[in-house]
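1. return atomic coordinates for the entry below.
(2 chains)
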Amino acid sequence: MKTLTRLLTFGFVGSGIGACVMALIILINGSKQIDATELFYWVPASFLMGAVTMILYTDRLHFLLLTAIHFVSCFGIVFAAVSLCGYMDTPVASLRAMMPEFLIIYAGIYLAVFTVSKLNERAVNKALEKQS
Amino acid sequence: MKLNLIHAVQNEVEVTIKGDTGSEEVQRLLSLLREDAGQGMVLLEREDERFLFHPNEILYLEVIDGKTMAATSQGQYEVKEKLYQLAASLKRDGFIQINKSTLVNIHFVKSISAEFSGNYTAKIKGRSETLTISRSYFKAFKQFVRG
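-> Have a look, this model is predicted:
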């Protein structure tokens, strides 16, 4: 029950983020850019991506592996949504368009997380030095 | 319970508990002593012998094969209490949980280092072994260290 509640929370947060992204796209490009059918695909896709994010909070696996699993999962979800919305003519074209962006985003995420942990390390060591 | 009070001229008050030291009665007595004396003592065991240790003599506590073990400068001892009980009772003595099965005495943590795995490694003062601080316990650890 606790896990289900957590999963739903992550899913709804994902949907919220997805809704914000879509609202931003509408604001920038005008309402004609997104129709109801697309919303029908992107809202559940955002929910799923949010739910998948829950795995990043587990301790059981190496963070790099978790990031890779998250990458593959989200890539699959976005690929499905892009294909269903018919943005690209062929699946290969979708893969080519998506892959570089995904690689940059995930490299950025991993780097940011590692930088934050290094900053945490410094802060804690400073506090430990003060104590001794 | 039989109570013997023996007057003796010595600097330190000596308390000897004779009987089943693992019994609830003894554990209650120990917790009373802890509270009244204002200094917690932890009952540790090794090879059927029992010892009272002050928490500041314990480097860390960890669960190994279902047993709670205490690491001290004099070696490893077994503790009868569960880790979650120790986590609650030893918090004010500087003990904090750093992963599912380890409590560390913050006074013995020399430094930490961030790992690529997302976890952190804690170095223990004067010892070669390191302990893992898992991601989910790090936030509480950081707050605890920074007071």
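2. residue ranges with poor pLDDT in the chain?
-> Assuming you mean chain A. Counting by pLDDT under 70, chain A has low-confidence residues at A:29-34.
3. please refer instead to chain B.
-> B:34-40.
4. buried sites along the host helix or strand of residue B:84?
-> When elements are assigned from DSSP states H and E, residue B:84 belongs to helix B:83-89. The neighbour-count check on helix B:83-89 (16 or more other C-beta atoms under 10 Å in any protein chain shown) flags B:83, B:86, B:89 as buried. The C-beta positions use only the backbone N, C-alpha and C, and glycine is treated the same way.
5. and the following helix or strand past it, which strands flank it?
-> Note on helix B:83-89: by DSSP H and E, the next helix or strand toward the C-terminus is strand B:95-99. Strand B:95-99 has its sheet partners listed here by DSSP bridges as strand B:102-105 (antiparallel).
6. got a list of what the closest residue to residue B:95 other than its chain neighbours touches?
-> The shortest distance from residue B:95 to any residue other than its chain neighbours is 4.7 Å, reached at residue B:103 (C-beta to C-beta, 6 or more residues apart in numbering or on different chains). Residue B:103 sits next to B:60, B:61, B:62, B:83, B:86, B:87, B:90, B:95, B:96, B:97 when contact means C-beta atoms under 8 Å, 6 or more residues apart in numbering or on different chains.
7. is any residue of the strand or helix carrying the third one near chain A?
-> Using DSSP H and E, residue B:62 sits in strand B:58-64. No. Taking C-beta under 8 Å from any C-beta of the partner chain as the criterion, strand B:58-64 and chain A are apart, separated by no less than 14.3 Å.
8. show me what the longest helix along chain B packs onto, helices and strands only.
-> In chain B, assigned by DSSP state H, the helix with the most residues is helix B:24-37. When contacts are defined as 3 or more C-beta pairs under 8 Å, 6 or more residues apart in numbering or on different chains; DSSP states H and E, helix B:24-37 sits against strand B:42-46.
9. extract the C-alpha set from the strand it packs on and format it as PDB.
-> Coordinates of each C-alpha in strand B:42-46 appear next as PDB, following Å, rounded to 0.1, in the frame of the first residue of the first chain:
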ATOM      1  CA  VAL B  42      25.800  -0.600  26.900                       C
ATOM      2  CA  LEU B  43      26.000  -4.200  27.800                       C
ATOM      3  CA  LEU B  44      28.300  -6.100  25.400                       C
ATOM      4  CA  GLU B  45      29.100  -9.800  25.300                       C
ATOM      5  CA  ARG B  46      32.000 -11.800  24.100                       C
END
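10. next SSE after that strand?
-> Next element after strand B:42-46 (DSSP H and E): strand B:49-53.
11. sweet, I'm off.
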